[in-house]
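S.K.: Need coordinates for the below:
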Amino acid sequence: FFTDSNGRDFLKRKLSHRDTWELDEYEPIAGNFYPVNTAIYIEDAKRSLAVLTDRSQGGSSLMEGSIEIMVQRRTKADDFRGVDEPLDETDKGINPYPPYGDRKRLGKGVIMNGSSRIVFGAGEAGAKLSRSNMDKVFSPVHLFFGTAATTKELNFVSKSFSLMKDGTALPENVMLITFTRLHGSKNTFLLRLGHQYAIGEDNILSNTALVSLSDLFPDYYIMRVSEKTLSGNQSKKIWNENKMKWNHESYNSNEPLNDDNDFLDSFVISLKPMQIRTFEVQVRSLTGEDVTESKDSMVESLS
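M.R.: Predicted coordinates for the structure are as follows:
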């Protein structure tokens, strides 16, 4: 079976097995549960089954063809793993520890609520099933409702909204992670885009994706684009210039170690499988004064 690693790569799991050492197993159940942050799946040549979660849980496949999810772990006795107390979370806390109290748990056991989505598909398609739905389950659309008489017409400024330019959409394998105006600036935005698929998970969606940044700013003229580090706190170009250069004798490839020079014409960027890129975008309203300076001369290097 497979579980995700913090919502990114999927890791293959085998019951009672460790890849890097000979396992002496004493806990055949607990020792085969793994963290499930967003998805767990099983597959064979004919069928695939995935369970998508909206919060971190534990998961395993203890029986052939089955998936087991542990939403909350609670014990009434110490498991002798070092903390010297049961894993017994309650809704009213705990008395002070000795010598000031008896550390008795107060109230009822904490109840964990959540929702899971079960997805079925063709054989050897577990990763694709999970990738296509996991972000929607983990970060669902927020719904807001207002009250009004059913006979009254509501004068919405707009009854629909899309961030994208009319007739455009993000590629199916790309997720908009961050889109926010930087504090203290009216015309500078922080933009973060991520590729949702890993290499080999799909014949089409695992390929490099192209995104036009102009499509994300339909009412603005892009003045400047600068790639940042993942956290957005410094220039990617400066970071590349200042970081430690390691000499790997075993590294044998004609490709550069850092090949994020993927800024194409007309503000189109590329995203490799599982890649996340962060940009600082400076814009000007299309209704503002004419821009005479060339875009090419104002784009910072993205090497």
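S.K.: where does Ile269 fall, helix, sheet strand or coil?
M.R.: strand (DSSP: H, G, I helix; E, B strand; the rest coil).
S.K.: cool, and Ala127?
M.R.: Recorded secondary structure, Ala127: helix (three-state DSSP).
S.K.: How about it, nearest residue that isn't a chain neighbour?
M.R.: Once flanking residues are discounted, Ala127 sits nearest to Glu201: 4.0 Å by Cβ to Cβ, 6 or more residues apart in numbering. All C-beta spots, glycine's among them, are computed from the backbone N, C-alpha and C.
S.K.: cool, and Asp84?
M.R.: Distance criterion Cβ to Cβ, 6+ apart; nearest residue to Asp84, sequence neighbours excluded, is Asp78 at 6.1 Å.
S.K.: gap between that neighbour and Glu25?
M.R.: From Asp78 across to Glu25, the span is 21 Å (Cβ to Cβ, to the nearest Å).
S.K.: low-scoring pLDDT stretches of the stretch 51-200 of the chain, where are they?
M.R.: 150 (pLDDT under 70).
S.K.: ok, back up a step: so the residue nearest to Asp84 belongs to a strand, correct?
M.R.: No: with three-state DSSP as the criterion, Asp78 is coil rather than part of a strand.
S.K.: Next, it: phi, psi?
M.R.: Dihedral pair for Asp78: phi -60, psi 140, per degrees, to the nearest 10.
S.K.: residue contacts, it?
M.R.: Counting by Cβ atoms under 8 Å, 6 or more residues apart in numbering, Asp78 touches Asp84, Glu85, Pro86.
S.K.: which residues touch the residue nearest to Ala127?
M.R.: Phe10, Ala127, Lys128, Arg131, Pro273.
S.K.: Now the buried members of these.
M.R.: Phe10, Ala127, Lys128, Arg131, Pro273 (16 or more other Cβ atoms under 10 Å).
S.K.: what sits up against stretch 118-138?
M.R.: 2, 4, 7, 10, 37-39, 41-54, 115-117, 172-173, 175, 196-198, 201-202, 205.
S.K.: Could you tell me how far that stretch lies from the centre of the chain?
M.R.: Stretch 118-138 sits 14 Å away from the centroid of its parent chain (Cα atoms, centre = their mean, to the nearest Å).
S.K.: And stretch 11-22, by the same measure?
M.R.: Distance of stretch 11-22 from its chain centroid, counting by Cα atoms, centre = their mean, is 25 Å.
S.K.: Let me see the ranges of the helices in the stretch 101-250 of the chain.
M.R.: For the stretch 101-250 of the chain, applying DSSP state H, counting those that start in this stretch gives helices covering 126-138, 236-242.
S.K.: What are the buried residues along the first one?
M.R.: Using 16+ other Cβ under 10 Å as the burial criterion, the residues of helix 126-138 that qualify are Gly126, Ala127, Lys128, Leu129, Ser130, Arg131, Ser132, Asn133, Met134, Asp135, Val137, Phe138.
S.K.: what's the closest of the residues you listed to Val110?
M.R.: Distance to Val110, by Cβ to Cβ, is smallest for Phe138 among these, at 21.3 Å.
S.K.: so what's Pro218 scoring on pLDDT?
M.R.: For Pro218, the pLDDT comes out at 87.
S.K.: swap in the one 3 residues further on?
M.R.: Model confidence at Tyr221, expressed as pLDDT, equals 89.
S.K.: Okay then, goodbye and thanks.
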